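[1] just need the structure, nothing else, for what follows:
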Amino acid sequence: MGDIMAQNYPIDDDNRASGSRAKGIVHYKFNADHWEYRDYTGVDVGIDCCLELTENDEWTGNIIECQVKGRTKPKFNVSGDYISLELKRSTLNYALSRANSYVVLLVNLADETIYYLPIQEFFIANPSYFPKLSSTQENITIRIPTDNKVTNDDENLQEIAKSRYVGGPGEGLHKAE
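    A predicted model of the protein is given here:
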């Protein structure tokens, strides 16, 4: 009877554990002196959390919407310049339609290093990716530069939080003035 009952419960898996651990690492690795971490709950549409920036002890509405991915063995290229990561095409279309900065945070669970990629900036800098958004392929591989690491010196991420975008998700995407 015990075996039959066990089959009626949800199954836990490695993806859930990796995702939970990655979110916890993101929460404690961002400097709480000027970042407020907020989990998103509800239907998962591709945003796991939000990081809001405070400046001069004021809330100015500058946020980064984040998708958090945890990996025990990220896919580094041979020279170690970038990490390949597959994302759903639908998630990327959603990300590119957002007015706030949308950033993928890839957490290397082995050493707790967090790599980041601002999706809108990636597509603006690599316009050859735009046609992939309307293709039939389910996933698109992006490349996260290994220089994009979350550290205490996070001025680049602070600037990303201040950016706004219009004209997405297609080739009209650009930074708002």
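[2] center of this protein - which residue?
    residue 104 (1.8 Å; C-alpha atoms, centre = their mean).
[3] can you pull the contacts of that residue?
    By C-beta atoms under 8 Å, 6 or more residues apart in numbering, residue 104 lies in contact with 66, 67, 69, 85, 87, 116, 117, 119, 142, 144. C-beta coordinates here come from the backbone N, C-alpha and C atoms, glycine included.
[4] packing partners of the lengthiest helix in the chain?
    Criterion DSSP state H: the longest helix present in the chain is helix 14-29. Here helix 14-29 touches strand 35-39, strand 49-55, strand 58-71, strand 101-108, strand 113-118, going by 3 or more C-beta pairs under 8 Å, 6 or more residues apart in numbering; DSSP states H and E.
[5] quick one on the thing from earlier: ranking the contacts of residue 104 by neighbours, who comes first?
    residue 119 (26 neighbours; other C-beta atoms under 10 Å).
[6] now the angle from the longest helix of the chain to strand 49-55?
    10 degrees (axes from the mean of the first three to the mean of the last three C-alpha atoms, to 10 degrees).
[7] now for residue 95: which residues touch it?
    Residue 95 makes contact with 46, 65, 67, 102, 119, 120, 169, according to C-beta under 8 Å, 6+ apart.
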